[in-house]
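Novice: any chance you can model this:
(3 chains)
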Amino acid sequence: MTRARVFARLASALGPVWAFLAVLCAGFLLILAISSDPLLAYRDLLLSNFASASNFALFLNRLMPLLLIGLGVIFSFRAGVFNIGGEGQLYLGAIAAASVALALPNLPHALALALPIAASVLAGAVYGWIPGALKVGLEVNEVVSTLMLNFVALLLTEYLVTNPLRDPVAYGAVSYVVPHSSWLAEIPGLPGSTVGSIVAIAIAPIAWVSLFRTAWGANLRAAGSNMRFAETVGVHGKRLVLQAMAISGGLAGLAGGFYVLGIGHRFEQNFSPSFGLVGLTVALLARLHPIGLVATAAIYALILNGAAYMQIDTDVPRSLVALLTGILVLIMTMRPRRGPAEA
Amino acid sequence: MPEDVSTPVLQLLGVSKQFGGKVALDHVDLDVESGEIHVICGENGAGKTTLMNIVAGIVRPDEGEIRIAGRAVRLADPTDAARVGVGMVHQHFKLIASMTVAENLYLNRQPRKFGFVSDRAAMRAGAEALIRHYRFELDPDAPVSRLSVGQRQRVEILKALGFDARLLILDEPTAVLTPPEVDELLRIMGQLKAAERAILFITHKLNEAKAVADRITVLRHGRRISTRPARALSEAAIALDMVGREMRPPHRTAGPAANARPVLTVSGLTMTTANGRRLVDDVGFSIAAGEILGVAGVDGNGQTELSEATAGLAAVQSGSIVLNGRDVTAAGVRERRRAGLSFIPEDRLDRGLSVSMSVAENLCAGLYRRKELVGPGGLVRARAREAFVSATLRRFDVRGGSPSLPVGRLSGGNMQKIVIAREMEQDPAVLIVAQPTRGLDVGATEFVHGRILAAADNGCAVLLISSELSEIFALSDRIAVMFRGRILSIVARGEATEKSIGLMMSGERAAA
Amino acid sequence: MWASQFLASVFVQTTPILLAALGTMVTSRANMLNVAIEGMALVAAFAAIAVGQAENSAILGFVCAIAASVAMALMFGFVSIVLGADFIVAGLGLNILAAGGTLFLLEEVYQNPGGLRPDTFPDLWRVPAGSLHWLPVLGPALESQSFIVLVALAAIPISAFFLYRTPLGYALRAVGEDEPAAVAAGIHAARMKLLAVLISGAFAGLAGAQLAMDRLHFFLPDMTSGRGFIGLTAALFGAARPWPTAGAAFIFGAFGVIGDRLQLFQAPSQFVLMAPYLAALLALVFARWRATARARPAAVVGESR
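Specialist: Numbering: from 1, shown residues only, chains lettered A, B, ... in the order given. This is a model prediction of the structure:
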């Protein structure tokens, strides 16, 4: 690569970084204005994740769903589908994992882990496939269909966790604890973490390879950028779009499965602090590049967790981050329109 | 309003325009007299459309002056241009399909009741008056979506003329007209000329330029090369100015072999819409190896559907398509390509390319079944792909940048070369090519024609679909005419004349 | 009479959806899919309760609600139209901003992330009880409805008139249908689009005000619950034409009311709540199915893949 090309690549990669820094500055100014102890607030926001092993574990726990859902978004958007259904796919995956684990309590460890995970992936995949099929077959607008399906999934899982799956002993709308044979192992040295986070990080480069170094990925991106073109050259565009949507939903479902089996160890109503929407955001911030996503998801997990600590220690409310996220998305999208990042 | 007839209606002095560093117009001077038909000729990219857009107020010049009837004017938008009496008839009509003729004529200049309500009665009356004045035959209440192409053009003309226009600009108006509609257009132009209007006419068809012009101005690379009376000019002289060098029309080295077997046979092909209208009506023909069958016809008579059906992109209601002895009527695109078919679609931006993807990716699209490009696990062999891409780009003389550049940044000619490269690189047995030189300049056109002829010389059976009669005549061995979905007749090149084919293109069969 | 009661509930439930539908219909006519309608309505609801409580004035709350959502719309329009942001992504961003911003204000100003529940709250002007008894079925249903419901109903013919009988409406439709043609006629496309966004902001403001101020008199985070999106679906289903859009909005609202009634028969509340979203989705699927079936020609020999 020539030096000019290296600079150009760096510049386009740094674009979102400028937006992010700008918003961070705005956030700092806001904290300065409203807090009596701004320095503590900043320190909590940025550094608290590294203060202890268990804090770091919580950071990884937050990273996992953002990363998986973000990867799912990348697959679907690259296939030309505006999939906003990550939240719903996440919840269905979670409830599927919980249901299967609770229904089959006496299995050997390997199966007790594999079956619920498979169920979560399958549930998410089906729920992602549906809006894909509606778009491909009937040209139903996928923004609307995924938005509607999100609400349906949330309500459905809410019903399940407040009735058949409800743990009558526990406080709140939560399911029974899944049997210990179904618990995902912790990362050694990080109490409270889950190996699911490692798996999520490992999937990112696999996603990159499959999208940018395989024939399947090249065909998928062709279909996503111009379906009529893909048809003309003999690519089965519609089939690929459906596969991408199934993968997209499956990844979100997997995140749900990992959450239930590895973090909460049960299904909790409203366990997701908008993982779906934030996952979408970090994927867009990374300009739909799987490796860039690891960075943006990590940054987001960092400040989202940091905001929680900040709220405990100081008088700055954690919703500050939500507010800043909205501003960030608006700023980020208004850069002179650059398409998704090339491999 | 009496005007000093000696002052030109329009004067352009030193007009220049750049688009992001690329010079579109370079100090162009022009003058048009009242009652004159002034033709602007030039290749694509010569700056004709930009110049017209400046006169019509759609684009503002970087330098230079515009004078209307001797007075310098500044045209900030099309409304200003309309106010000084300039009207433009665009190549791609600027009409709102769901609105009526009257509503289109009055778009953005509606008469109002109570200040904020549209006065539809006044619009209808005004439209009727205008239509009657020019003796067009249009229904002011008809939605534009229901009008034919010729009728729509007449609405465009009325829109441009309507409000006391003294200068009318026509941008490639005959591209979509049948020969009788062209005659009608010329009659209208004569009418306008007699009423002392001035007309600026853009075309790349030299025979038309010669037929209508009083004077002809040639643009090349944004500069005015010459302005001369049409009488004194030959088509060759105009072409020389346009291109800057002698043209070498390509020719075939050998026709199809005497008893070559048919490679592509289409019979009884019929395609209908949901309410039974026949887009393609019982079409049948056969093409032998090394033969070029040219399908002539005005756009919109079923050619698009025919090309897509043969390529496997559209379903047919009845009939059959046989490729090298195999019935592929029910086969998909991939199967047909494996049987040796290639397709160069009529709209490279719509079907031929993905403008956001790179040159390399466009070149390799659909080719990922090849063992030399794809290894185990579906992984692309990066180095082999790179080698393939650079070799192919060189072989087809594609210029304009590196393989990783988004293909949308290339010129029209180079984009088309990539489509051709991809489709012809595999030496197909059957090549379907539709409107191959649309939007291309003379140089690129020469190249494309050369490649099509070379493919035929190599034994490829070529189905050429084109609305450019000169192209059909330059390349075809046999000529078919398509009208309203049917093939009216197929004649050998030697027995056809442009006039006889032109008549058939408008539905009239030549006298037996 | 149960018919009037049913209709009355339908009016209440439908009005926010109808307003959102009409708002997104106008932007659809300018060729934009306005997902930000949800966030704009939320901000309006918040402003309505916050200002209404602070000033103890329903009318002031109402005015500020509209002002807040129009301000959001202005920002949204500026970012997407003038600065070229992708419309849908910017819309989602605006929704995040609205949700986060209102939550932030709840926590920072009111110290209560659960919501803003004033002990007392002034009521909106309503149709006086008994004034419409002479109108069968419809009369009693309209009595005691807030004036916003009346505004919403009036908005249906008004928006039809605006789109089809005024020069601005023509210009807007032209921009949405064929922007190059509109520009060639001298219409300022960006201005028309911005106008459409502002109009939808006003409608969103009415929707948010109605939601918060009619029956509830409080603000909860996420109280719009996708009603904006359902309105968007209604506009898509109605092909952005005023009367079919309004009809679709009423159908979806009716589903909500039917669902509430079913709850009385011990049906689980969640399935009941699902009804409008499922209805909206199924309606859209059905509409697309009809459109594709109609465009497909009969008996095909070779279906190419």
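
Novice: contacting residues for residue A:60?
Specialist: Contact analysis of residue A:60 by CB atoms under 8 Å, 6 or more residues apart in numbering or on different chains lists A:187, A:190, A:193-194, A:197, A:301. From N, CA and C alone the C-beta is placed, and that goes for glycine too.

Novice: cool, and residue B:355?
Specialist: With CB under 8 Å, 6+ apart, residue B:355 has these contacts: A:226, B:349, B:406-408.

Novice: how does it look with 6 Å?
Specialist: Applying CB atoms under 6 Å, 6 or more residues apart in numbering or on different chains, one finds that residue B:355 lies in contact with B:407-408.

Novice: helix or strand for it, which one?
Specialist: When elements are assigned from DSSP states H and E, residue B:355 belongs to no helix and no strand.

Novice: so how far is chain C from it?
Specialist: Here residue B:355 is placed at a distance of 17 Å from chain C (CB to the nearest CB, to the nearest Å).

Novice: now do that residue, the pLDDT please.
Specialist: Predicted confidence (pLDDT) for residue B:355: 90.

Novice: kindly report the same for residue B:246.
Specialist: For residue B:246, pLDDT reads 64.

Novice: of the contacts of residue A:60, which belong to helices?
Specialist: A:197, A:301 (DSSP state H).

Novice: of all the contacts of residue A:60, which comes closest to residue A:270?
Specialist: Nearest to residue A:270 among those is residue A:301, at 19.0 Å by CB to CB.

Novice: so the closest one sits right up against residue A:63, yeah?
Specialist: Yes. In this structure, residue A:301 is within contact of residue A:63 by CB atoms under 6 Å, at 4.1 Å.

Novice: picking that back up, near chain C, from the contacts of residue A:60?
Specialist: Near chain C, taking CB under 6 Å from any CB of the partner chain as the test, no member of those is found.

Novice: how about the contacts of residue A:60 in JSON lines, adding neighbour count and distance to residue C:107?
Specialist: Output for these, formatted as JSON lines (neighbours: other CB atoms under 10 Å in any protein chain shown; distance: CB to CB, whole Å):
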{"residue": "A:187", "neighbour count": "18", "distance to residue C:107": "33"}
{"residue": "A:190", "neighbour count": "20", "distance to residue C:107": "31"}
{"residue": "A:193", "neighbour count": "25", "distance to residue C:107": "29"}
{"residue": "A:194", "neighbour count": "25", "distance to residue C:107": "30"}
{"residue": "A:197", "neighbour count": "26", "distance to residue C:107": "29"}
{"residue": "A:301", "neighbour count": "24", "distance to residue C:107": "21"}
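
Novice: in JSON lines: the contacts of residue A:60, plus distance to chain B.
Specialist: Below are these laid out as JSON lines (distance: CB to the nearest CB, whole Å):
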{"residue": "A:187", "distance to chain B": "29"}
{"residue": "A:190", "distance to chain B": "33"}
{"residue": "A:193", "distance to chain B": "32"}
{"residue": "A:194", "distance to chain B": "29"}
{"residue": "A:197", "distance to chain B": "27"}
{"residue": "A:301", "distance to chain B": "31"}
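
Novice: residue C:13: which of the contacts of residue A:60 is nearest?
Specialist: residue A:301 (39.1 Å).

Novice: burial measure for residue A:39, as a count.
Specialist: By the other CB atoms under 10 Å in any protein chain shown criterion, the neighbourhood of residue A:39 contains 11 residues.

Novice: ditto for residue B:330
Specialist: Residue B:330: 17 neighbours (other CB under 10 Å).

Novice: distance of the closest residue to residue C:46 other than its chain neighbours from residue A:174?
Specialist: Leaving aside its sequence neighbours, residue C:46 sits nearest to residue C:102 (CB to CB, 6 or more residues apart in numbering or on different chains; 4.6 Å). Computed as CB to CB, to the nearest Å, the residue C:102 to residue A:174 distance reads 27 Å.

Novice: of the two, which one has the most company?
Specialist: Neighbour totals were compared for residue C:102 and residue A:174, and residue C:102 leads with 27 against 20 (other CB under 10 Å).

Novice: confidence score at the more buried one?
Specialist: On the pLDDT scale, residue C:102 gets 93.

Novice: same question, residue A:69
Specialist: 97.
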